[in-house]
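Peer 1: Sequence first, then the predicted structure:
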Amino acid sequence: MKHSVNLLILVLATGSVSGNLRESFKDSGRDVVDMGRHLVTGTTQRNIHTGQMERRTSLFAAVPKLIQGIVTLDPIQGGKDFIEGIGSGVQVAADVVSAVHNGVINPLIQTTVGLASPQAADTAGHWTGALTQAWSQNLPGSERSLNALSPFSLWYHDRAFAPTEYTRTDTQLNIDRVFTIANIFGVWSLASSGGGSGSGDGAAVTTRRHIPARPSPAAASVWRFWF
């Protein structure tokens, strides 16, 4: 449920720098509203196969929904709501990235590149928005990353089986897989490099602790006398 990339296409249709800026700032405002929905109120989305409207849990409601599922003896639904809530929390990061793009990066592109060529600015703004959203919406734990890695997506994909939460086309899913796997390796690499440097520092400290100090001449004489 993201507005930014789709609405950015409307920005391209204005044909002027001022129109592009106006639409870009509107999109940034919608991104801020999306942050509140993913954090607090929850979101709704329509299944592209069945037309069914689906309600998704917000980050703040994740734990209460999990407890509710346990209390009502429906732990499966509680676990499902909890995972949805975590996915909504990750989606907040995508909302922030989109808001920064629409409120800062795209206006910068429009007021620099756009002065020389509005068409080039439109193209640059579109692709930077599309790529940053594809990256941020496929961070580990997001709804798209879970769908991309789910074995059920290979079975559902463009078939209209119900019920299914899958709301992406085959082409979109394949793009999501590429970005999801790249993000997983990126996070793993950052975690590994951070852990490696920490262990290296620890080893250096340990080595320094075990290096014996050079004895003074007097101490050496006492050592030779007793031993």
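Peer 2: Arrived safely. Numbers count the residues shown, from 1 in each chain.
Peer 1: which residues sit in contact with Ser28?
Peer 2: By C-beta atoms under 8 Å, 6 or more residues apart in numbering, the residues touching Ser28 are 98-99, 102-103. For glycine as for every other residue, the C-beta is placed from the backbone atoms N, C-alpha and C.
Peer 1: again, but for Gln68
Peer 2: Counting by C-beta under 8 Å, 6+ apart, Gln68 touches 78, 81.
Peer 1: do the same with Ser136
Peer 2: Counting by C-beta under 8 Å, 6+ apart, Ser136 touches 93-94, 97-98.
Peer 1: Reformat those residues as TSV; add secondary structure and pLDDT.
Peer 2: As requested, the contacts of Ser136 are exported to TSV (DSSP: H, G, I helix; E, B strand; the rest coil; pLDDT from 0 to 100):
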residue	secondary structure	pLDDT
Ala93	helix	91
Ala94	helix	91
Val97	helix	93
Ser98	helix	92
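Peer 1: In the residues you listed, which residue is surrounded by the most others?
Peer 2: In terms of neighbours by other C-beta atoms under 10 Å, the contacts of Ser136 top out with Ser98 at 28 neighbours.
Peer 1: before we move on, the earlier item: which two of the contacts of Ser28 lie the greatest distance from each other?
Peer 2: Across those, the longest distance by C-beta to C-beta is 9.1 Å; it joins Ser98 and Gly103.
Peer 1: overlap in contacts of those two?
Peer 2: 28, 31.
Peer 1: shaky segments in the chain?
Peer 2: Within the chain, the stretches falling below the threshold (pLDDT under 70) are 1-15, 47-50, 154-168, 195-227.
Peer 1: Alpha carbons only: can I get the helix or strand where Ile67 lies in PDB?
Peer 2: Using DSSP states H and E, Ile67 maps to helix 62-71. Extracted in PDB, the C-alpha atoms of helix 62-71 (Å, rounded to 0.1, in the frame of the first residue of the first chain):
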ATOM      1  CA  ALA A  62       1.200  -6.500  17.000                       C
ATOM      2  CA  VAL A  63       1.800  -7.600  20.600                       C
ATOM      3  CA  PRO A  64      -1.900  -6.900  21.800                       C
ATOM      4  CA  LYS A  65      -3.100  -9.000  18.800                       C
ATOM      5  CA  LEU A  66      -0.800 -11.800  19.700                       C
ATOM      6  CA  ILE A  67      -2.000 -11.800  23.300                       C
ATOM      7  CA  GLN A  68      -5.600 -11.700  22.100                       C
ATOM      8  CA  GLY A  69      -5.000 -14.700  19.900                       C
ATOM      9  CA  ILE A  70      -3.600 -16.700  22.900                       C
ATOM     10  CA  VAL A  71      -6.400 -15.600  25.200                       C
END
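Peer 1: Identify each buried residue in it, please.
Peer 2: Using 16 or more other C-beta atoms under 10 Å as the test for burial, helix 62-71 gives 62, 65-66, 69.
Peer 1: before we move on, what about stretch 100-119?
Peer 2: Across stretch 100-119, burial judged by 16+ other C-beta under 10 Å covers 101-103, 105-107, 109-110, 113-114, 118.
Peer 1: And the helices in this protein, which stretches?
Peer 2: For the chain, applying DSSP state H gives helices covering 4-12, 17-36, 62-71, 75-100, 106-116, 118-136, 143-149, 152-156, 170-210, 217-226.
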